[in-house]
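# Build me a structure from this.
(2 chains)
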Amino acid sequence: MFGYITPDKPDLRICEFEVFRGYYCSVCKSIGKQAGHRGRIILTYDCAFLALLLDSLSQTPTAGEKKRCMIHPINKRYIVDSNSAIEYSSDINILLAYYNLKDKWQDEKKIFGPAGMLVLRRGYKRVKKRYPDLVKNIEEQLNTLFELEQQNCESIDEASEPFANILKIIFKFAMNYDSAGETLGWIGYNLGKWIYLLDAYDDIEDNIKSGSYNPITAQYKYNEKEGLQSFRKRTREKVEFVLIYCLSEAEKAFSLLDIQKNKSILENIIYRGLLTRTRAVLQIGASSNEKSV
Amino acid sequence: MKNPYEVLGIKEGASIDEIKKAYRELVKKYHPDRYMDNPLSGLAEEKLREINEAYDYLMKNANNNNQRNQQYQRQQQYQRQQQQQRNTGYYGSGFANDSQFVNQVKMMIQNGNLAQAQRMVDSMPNRDATWNYLQGLLFLRRGWYDRANAHLQRAVQMEPSNIEYRDALSRINNQYTGYRQNQHYYRGGYNTSPDMCNLCTTLWCADTMCECCGGDLIACC
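Sure, this is the predicted structure:
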């Protein structure tokens, strides 16, 4: 995943922000435990969101304390105590980061691919051993995705399907034997589609330069005479429709969940953070000044 | 039964007005129309039932049977109307010949039997408005929103007089704009505070009214 799922920070209360960051730090810590401290660099907001969402379905109140950590040694930070939701999210983070590096290596032959994979290898193997079915299903979808990209798939719906399915599998698996599983699955499916397409729109320029596959340039037939700006303009509305529709479906599914805690933070993300992020990418073209909390 | 106050998301001992307000908003939020093209429509129905029960319970205990009944009846009536629309108007208008077929496909889509529905849609001889409409609904349910939108638009273009097609198209457009404007109850949404334009017109209006009565609010105009 790519770290697109973030809260709308200005609209978050400070205590809410602390809790969100508490989850983020806790996922980071958990990754450190599983994949070694060098692995912590792969942490994404998306997995912090996953941890927050899954944990909000359990009734035990959020517990945590102020601690020091390696990455921020000066100030103590509030870190949520590890629980099953956080461990699951950190495993997912390791898994997806590993695939992401592999993909980058296959696509662009970037040298940090194999280097990163080496660092994550141990964590990846552990995760694979822990959830063999999950990993198998995800890898099937990744193969489909790879084939579609090879064939230069000309439909944004079709191209985004495998990644949407991956997130569906991940979200659903967390509550597989519960009625919430279906609901979570639909949230995952729509967020996956949203992430894939948003990332594609964000990468139009890079992909044109490097000549690699991009579903949006494939469906809407980019040609060089047209120029990047007018292509972006021409496709913006169409892509925006799909993106926003995905979010609205995710929102509908979210309203059906029985949220036990941290509701206001989740609502901030679902109703504002995602929309703000969509707007930023569609208008500016690149998510500028990204900063870690 | 769950705590009715919790179900409605209000504090215990809330006033009748507060209960009603919360109830109305929740009904809007979980309305069957909003979940029509969604795979989770069953869960939404369940949630609405829960909300109705909680509301009934609270209103009964509020010793306000009259109002409760009125409200409840109105709600029931509305639901019945919707049901009727769904049963008759929904399927009826437009196709006299193959409405049975269309109904069947739509039932399959609703029940999540998407592969079978796709086979039936594929078997249709003509790529007419009906085909576009059904294909659009199918794509919508699968989560292929770009194609769904294109097919529904084509259906409306080919047969602009058909209410059913127009309904489906406006439903997805409403959902799109609805989310964009954050209508659905997040700290009152985006547009709650008055903007500068509103402020100026209000001042100007007040000034004009004062002047009509012989006074003056803003001396310079």
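
# the helices in chain B, which residues?
In chain B, the helices defined using DSSP state H lie at B:4-8, B:16-29, B:41-61, B:65-84, B:90-92, B:99-111, B:114-122, B:129-142, B:145-158, B:163-180, B:196-212.

# Any idea which of these has the lowest pLDDT on average?
Comparing mean pLDDT over the helices of chain B, the weakest stretch is helix B:90-92, at a mean of 38.

# Please name every helix or strand in contact with whatever helix or strand A:A115 lives in.
Using DSSP states H and E, A:A115 falls within helix A:112-130. Using 3 or more C-beta pairs under 8 Å, 6 or more residues apart in numbering or on different chains; DSSP states H and E, the elements in contact with helix A:112-130 are helix A:14-35, helix A:84-108. Using the backbone N, CA and C atoms, a C-beta is placed for each residue, glycine as well.

# So what touches it?
A:31, A:34-36, A:38-39, A:42, A:91, A:94-95, A:97-98, A:101-102, A:104-105, A:135 (C-beta atoms under 8 Å, 6 or more residues apart in numbering or on different chains).

# who's in contact with the residue nearest the centre of chain B?
Geometric centre of chain B, nearest residue: B:R34, 4.1 Å, by C-alpha atoms, centre = their mean. Residues near B:R34 by C-beta under 8 Å, 6+ apart: A:K252, B:K28, B:A44, B:Q175.

# Let me see the contact set for the last one.
Translated: B:Q175. Applying C-beta under 8 Å, 6+ apart, the residues contacting B:Q175 are A:Y245, A:S248, B:R34.

# which non-adjacent residue is nearest the first one?
I take that to be A:Y245. Among residues not flanking A:Y245 along the chain, B:Y145 sits closest, at 4.4 Å (C-beta to C-beta, 6 or more residues apart in numbering or on different chains).

# hang on, the earlier thing: could you tell me the least trusted of the helices and strands packed on helix A:112-130?
Among these, helix A:84-108 has the lowest mean pLDDT, at a mean of 87.

# ok, back up a step: in JSON lines, list the contacts of B:R34 along with distance to A:L184.
Shown next, in JSON lines, are those (distance: C-beta to C-beta, whole Å):
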{"residue": "A:K252", "distance to A:L184": "13"}
{"residue": "B:K28", "distance to A:L184": "24"}
{"residue": "B:A44", "distance to A:L184": "15"}
{"residue": "B:Q175", "distance to A:L184": "20"}
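
# Tell me the one of the residues you listed nearest A:I71?
Distances from A:I71 to the contacts of B:R34, taken as C-beta to C-beta, are shortest for A:K252 (37.0 Å).

# Look at the closest residue to that closest one other than its chain neighbours and say how many residues are nearby.
The shortest distance from A:K252 to any non-neighbouring residue, by C-beta to C-beta, 6+ apart, is to B:N38 (5.8 Å). Around B:N38 there are 19 other residues, counting by other C-beta atoms under 10 Å in any protein chain shown.

# Might you enumerate the residues of chain B proximal to chain A?
B:29-30, B:34-35, B:38-40, B:43-44, B:47, B:139, B:143-147, B:149, B:172, B:175-176, B:178-180, B:182, B:184, B:186-187 (C-beta under 8 Å from any C-beta of the partner chain).

# now those: which count as buried?
B:29-30, B:34-35, B:38-40, B:43-44, B:47, B:139, B:143-147, B:149, B:172, B:175-176, B:179-180, B:182, B:184, B:186 (16 or more other C-beta atoms under 10 Å in any protein chain shown).

# where along the stretch 101-250 of chain A do the helices fall?
Assigned by DSSP state H, counting those that start in this stretch, the stretch 101-250 of chain A shows helices spanning A:112-130, A:132-150, A:156-174, A:180-202, A:204-210, A:215-219, A:228-255.

# quick one: the last one to helix B:163-180, angle?
Translated: helix A:228-255. Interaxial angle of helix A:228-255 relative to helix B:163-180 (axes from the mean of the first three to the mean of the last three C-alpha atoms, to 10 degrees): 90 degrees.
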